[in-house]
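My questions concern the predicted model and sequence given below.
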Amino acid sequence: MTTKLCQEPELARRALATMWTIRRFEEAVDDLFARGLIYGTMHLSIGQEATATGVCLALADDDLITSTHRGHGHCIAKGADLERMMAELLAKETGYCRGRGGSMHIADVARGNLGANGIVAGGIPIAVGAGLAQRLQGTRRVVASFFGDGAANEGAFHEAVNLAAIWDLPVVFVCENNQYGMSMPTSRAFRIPRISQRAAAYGIPGVTVDGNDIQAVYDETVVAVERARAGEGPTFIEAITYRWKGHSKSDKNLYRTREEIEEWKSRDPIGRFEAAVEAAGTFNRSEIETIRSSARDAVRDAIARAHAAPDARPDELRDAVYA
Amino acid sequence: MASTTIERTASDTRTCSYAEAIREALAQAMESDERVFLLGEDIGVYGGAFGVTTGLLERFGAERVRDTPISELGIVGAAVGAALAGMRPVVEIQFSDFTAQAMDQIVNQAAKIHYMLGGAASVPMVLRAPGGSGTGAAAQHSQSLEAWFAHVPGLKVVLPATPADAKGLLLAAIDDPNPVIFLEHKLLYKSSGPVPTEPVRETLGAARVHRDGDDLTIVATSVMVERSLQAADELAADGIHATVVDPRTIKPLDAATILAAVRRTGRLLLVQEAPLTGGFVSEIAALVAGCDALYSLVAPIRRLCGLDVPIPYAPQLERAAVPQVPDIVKAARELVMES
């Protein structure tokens, strides 16, 4: 039996604070973008917070992750500095990438985040290589690789999962199935009902969980991390979830109905966990309110400080092409 | 952990093949730095498609001389991830043509990670792959793709032409904190020459002037260096004296050495095996044309390159598709005679 997150004050607080921080951060980003204050594009994970949070709660601080183009949640769940994230989106010198990466390339190697990735499935082989490095260095670290349903149809996915499987590498493959690869529904992109069925083809365990249930995500990740640390190899976890917002800023939601979106909003992962925490008597309503408002304040504070930071410098744009 | 560079003297060299020189560099790098490991298809018991890694499995074991399935994209991606996590992987891709299978990890990941992350992480890895024609392997096993890689900021590109350079440049590539594409040539594996026995590192970005002459400069890469030197011998018999420069690394490029030779000789013949259009030597032509060295020229710059055709199978077609020694002699003679 794994720990009941909703009954443990410390874990419940972390889980709620992280999910609310992701939610508030992305709402703020959406708003800044709409007001023309953020350049480029972005991919929001609102509605998917339980997956990033549940997985990262089951990892140790020095475990590693690889992330995706929809990576703000993973980044925050792995402990990133909100001000440096926001500064990156605002094209500031103090941003994680000094304005060279933007939303799709934030990494925080010191905290074990090897980076978001603008290429679908691009991070999966990298996660396997990082897992190989742990083996060769004799560490007990584990690498969790986040990717979407769309990535499971890329060649990189197949090659990487196979390598991790044949070498028993300490990798946890986390497929965030948010139902659509941009506009392509999983029902049209796969001949199988569950993407986790593919794990069998590589001889590794595969499970499907409700990705909007943080406890379910956490439980399966704990099992997968234990296997990985014990040298028993990788596990494939498919987390069924849903993105409330469009794929990116160009999305007009022509491929799905308003009813469908509303239906998924009723399965809000944060609301569900709040209800569980309250029912368990771990926190009361006002304590939950406090966690919410501190997440909001932390994001507001990060925005204010990031706005005040110096812009990324064009005269130094050639810096960091080579190490 | 890296070995110290020592002064090279004649007594420190031995004669060995280009393939042996590469193997020695790999072994010495693995001995001195436990972060260095090899991965690739059939590099273990088989010893690599061209035998370069023969015997390394026995010396270093299967963890560090890691045979992989046929998964070029996965292999290169694994190297990128291992490099990010503190290792120094050296990948072997059996034929450079197969890098096309791995291009996302080379171009979009390895090359750009350091920059995209604002310098917060680096990808110290080497990708070794043989290129070039002359073995009857036809269009999918014979290309010279160096220009593809040179076009991508963040990659370094090395084209060793001699056994000594193969060893010294590979050691430097393994030490380098950046992703380095190390393009060997299949026809050179059995060529031999003096090679330092110690792990002497060459510099990435320093050309080698193989021969000095006042009448023209020949800039050639990879297998074309040896062909140009043979051509220079024939030309010398006719009283035409060529300087032969091998850039050795096309990225970074030692522009100063090339420009100095052009200023001194006033004529420039560029020789590469890769097809003419968009080839790397065109970059050298542009470099010369874009600076004062242009005024030293007494004749137009001449490019002698592979034809714009896929490499064909039939030996007589294959030979005719890329520059041979008589072609270089003819082009050099015309360049000198017409001015």
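Yes, it's here. Numbering: from 1, shown residues only, chains lettered A, B, ... in the order given.

State the next helix or strand along the chain beyond the helix or strand encompassing A:A15.
Element membership for A:A15, per DSSP states H and E: helix A:9-34. Per DSSP H and E, the first helix or strand lying C-terminal to helix A:9-34 is helix A:49-57.

How far away from the center of its chain is that next one?
Using C-alpha atoms, centre = their mean, to the nearest Å, the mean C-alpha position of helix A:49-57 is found 7 Å from that of the whole chain.

what's it packed up against?
Contacts defined by 3 or more C-beta pairs under 8 Å, 6 or more residues apart in numbering or on different chains; DSSP states H and E place helix A:49-57 against helix A:9-34, helix A:72-77, strand A:143-148, strand A:171-177, helix A:214-229, strand A:235-240, helix A:269-279. All C-beta spots, glycine's among them, are computed from the backbone N, C-alpha and C.

Check which residues of that helix are buried.
By neighbour count on 16 or more other C-beta atoms under 10 Å in any protein chain shown, the buried set for helix A:49-57 is A:E49, A:A50, A:T51, A:A52, A:T53, A:G54, A:V55, A:C56, A:L57.

before we move on, what about stretch B:281-294?
B:V281, B:S282, B:E283, B:I284, B:A285, B:L287, B:V288, B:A293.

Considering those residues, which is situated nearest to chain A?
B:E283 (17.2 Å; C-beta to the nearest C-beta).

Is the closest one in contact with B:E146, as I believe?
No: with contact defined as C-beta atoms under 8 Å, B:E283 does not reach B:E146; the gap is 10.7 Å.

Report the residue spans of the chain with pLDDT below the cut-off.
This is for chain A. A:1 (pLDDT under 70).

actually it's chain B I care about, not the one you picked
B:1-11.

about what we covered before: so which of the buried residues of stretch B:281-294 belong to helices?
B:V281, B:S282, B:E283, B:I284, B:A285, B:L287, B:V288 (DSSP state H).

show me where the stretch 101-250 of chain A has strands.
A:143-148, A:171-177, A:180-181, A:184-185, A:206-210, A:235-240 (DSSP state E, counting those that start in this stretch).

quick one: strands adjacent to the third one?
Strand pairing for strand A:180-181, using DSSP bridges, gives strand A:184-185 (antiparallel).

what sits up against the strand it pairs with?
With C-beta atoms under 8 Å, 6 or more residues apart in numbering or on different chains as the test, strand A:184-185 has contacts from A:G150, A:Q179, A:Y255.

Compare the residues you listed and tell me which is most surrounded.
A:G150 (21 neighbours; other C-beta atoms under 10 Å in any protein chain shown).

I'd guessed that residue sits against A:F190; true?
No: in this structure A:G150 lies outside contact range of A:F190 using C-beta under 8 Å: 10.4 Å.

So which residues of the stretch 1-150 of chain B form helices?
Per DSSP state H, counting those that start in this stretch, the stretch 1-150 of chain B carries helices over the ranges B:18-32, B:56-60, B:72-84, B:103, B:111-116, B:146-150.

right, so the ones you listed: which one is the most enclosed?
Greatest average neighbour count among the helices of the stretch 1-150 of chain B goes to helix B:72-84 (a mean of 30), per mean count of other C-beta atoms under 10 Å in any protein chain shown.

could you give the angle of that one to strand A:143-148?
Taking axes from the mean of the first three to the mean of the last three C-alpha atoms, to 10 degrees, one finds helix B:72-84 and strand A:143-148 inclined to each other by 130 degrees.

tell me the angle of helix B:72-84 relative to strand A:171-177?
Here the directions of helix B:72-84 and strand A:171-177 differ by 120 degrees (the same axes, to 10 degrees).

Spell out which parts of the stretch 151-300 of chain A neighbour chain B.
A:G155, A:A156, A:E159, A:A160, A:N162, A:L163, A:I166 (C-beta under 8 Å from any C-beta of the partner chain).

Those residues, buried ones only, as a PyMOL selection?
To isolate the buried members of these in PyMOL, using 16+ other C-beta under 10 Å:
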select buried, chain A and resi 156+159+160+162+163
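
isn't A:E27 right next to A:S45, touching?
No: assessed by C-beta under 8 Å, A:E27 is found out of contact with A:S45, at 11.4 Å.

so B:P275 bridges to which residues?
For B:P275, the beta-bridge partners are B:G306 (DSSP bridges).

Can you report how many residues lie near it?
19.

what do you get for A:E27?
Around A:E27 there are 15 other residues, counting by other C-beta under 10 Å.

got a list of what it touches?
Counting by C-beta under 8 Å, 6+ apart, A:E27 touches A:I46.

distance of it from A:Y322?
Counting by C-beta to C-beta, to the nearest Å, the gap from A:E27 to A:Y322 is 38 Å.

next one: A:G281
57 Å.

So if I had to pick from those two, which one is more boxed in?
The neighbour count for A:G281 versus A:Y322, taken as other C-beta under 10 Å, is higher for A:Y322 (19 against 9).

for the more buried one, what are its contacts?
B:H114, B:G154, B:K156, B:P177, B:N178.

Generate a PyMOL selection restricted to the buried subset of those residues.
In PyMOL, this line selects whichever of the contacts of A:Y322 come out buried by 16+ other C-beta under 10 Å:
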select buried, chain B and resi 114+154+156+178
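
how about JSON lines for the contacts of A:Y322, with distance to chain A and secondary structure added?
As requested, the contacts of A:Y322 are exported to JSON lines (distance: C-beta to the nearest C-beta, whole Å; DSSP: H, G, I helix; E, B strand; the rest coil):
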{"residue": "B:H114", "distance to chain A": "5", "secondary structure": "helix"}
{"residue": "B:G154", "distance to chain A": "6", "secondary structure": "coil"}
{"residue": "B:K156", "distance to chain A": "8", "secondary structure": "strand"}
{"residue": "B:P177", "distance to chain A": "4", "secondary structure": "coil"}
{"residue": "B:N178", "distance to chain A": "5", "secondary structure": "coil"}
